[in-house]
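K.L.:
I would like to see how this sequence folds:
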Amino acid sequence: MEKVKKEKLTFKTMKKRHWAGVIIAGVALGSIIGAMIPSEDETAEKPKKVEQKVEKPSNVDWEVEVKKIVGPGNTTPTENFDKIMKIANSYQPTEKEIKYFTSYIIQEYNDKRYISDIKNDDYMLSNIFMSAVVENYYDDSERNPIDAFAFDFFQNSKYTYRGVDAVDSDAVKSNEHQMDKSLAQLQ
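P.N.:
Modelled structure (predicted):
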């Protein structure tokens, strides 16, 4: 066997050994920490099987639902509004209903009745329901003027019923101006 050459321990050789030890320790520590941290593959969420609920066409008698909402109980207009919107947003109207709701809200607007009795819960919730259903049905699919009309009708009905706007406020008048424009486009 060969003789191993003994190195003199000097400051320079000790310094080299020190740095070599630090580097080895750093690599070892990094490996240990790296092993403890899960990789992206392990942390990526596995796709969960999500059951999508397919909403069935609504067979809800919306007029009965309005009566239930305004029935006995101490609820505020805002609470009533929230309840009717839950029904309106899931309601699946027939073509016949869309025609009826559309002609009804136009007639109520033309007769200037639609916000004349904002304390009448039954009347206001019916107007809100019908205008929301019409607006949801068209929902700007082809920039149909009835969609814009129904939206402004809905906004005025909602805000006056809930007491946010007065029936003669600038916001209501502005929406009515837009409604007049939409009706002009329909003819």
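K.L.:
buried residues in the helix or strand residue 171 falls within?
P.N.:
Secondary structure from DSSP states H and E places residue 171 in helix 170-186. For helix 170-186, the neighbour count (16 or more other CB atoms under 10 Å) marks 172, 175-176, 178-179, 182-183 as buried. In this view, the C-beta of every residue, glycine as well, is placed from N, C-alpha and C.
K.L.:
which strands and helices sit next to that helix?
P.N.:
helix 95-110, helix 145-161 (3 or more CB pairs under 8 Å, 6 or more residues apart in numbering; DSSP states H and E).
K.L.:
dump the buried residues of helix 170-186 into TSV; add pLDDT and distance to residue 135 as well.
P.N.:
Output for the buried residues of helix 170-186, formatted as TSV (pLDDT from 0 to 100; distance: CB to CB, whole Å):
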residue	pLDDT	distance to residue 135
172	95	17
175	94	13
176	95	16
178	94	13
179	94	12
182	93	12
183	94	15
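K.L.:
want to throw those residues into TSV with distance to residue 111?
P.N.:
Output for these, formatted as TSV (distance: CB to CB, whole Å):
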residue	distance to residue 111
172	16
175	17
176	13
178	18
179	13
182	17
183	13
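K.L.:
which one of these is nearest to residue 118?
P.N.:
residue 172 (10.8 Å; CB to CB).
K.L.:
the closest one and residue 158, how far apart?
P.N.:
As judged by CB to CB, to the nearest Å, residue 172 and residue 158 stand 11 Å apart.
K.L.:
ok, back up a step: give me whichever of the helices and strands packed on helix 170-186 is most buried.
P.N.:
Among the helices and strands packed on helix 170-186, ranked by average contacts under mean count of other CB atoms under 10 Å, first place goes to helix 145-161 (a mean of 23).
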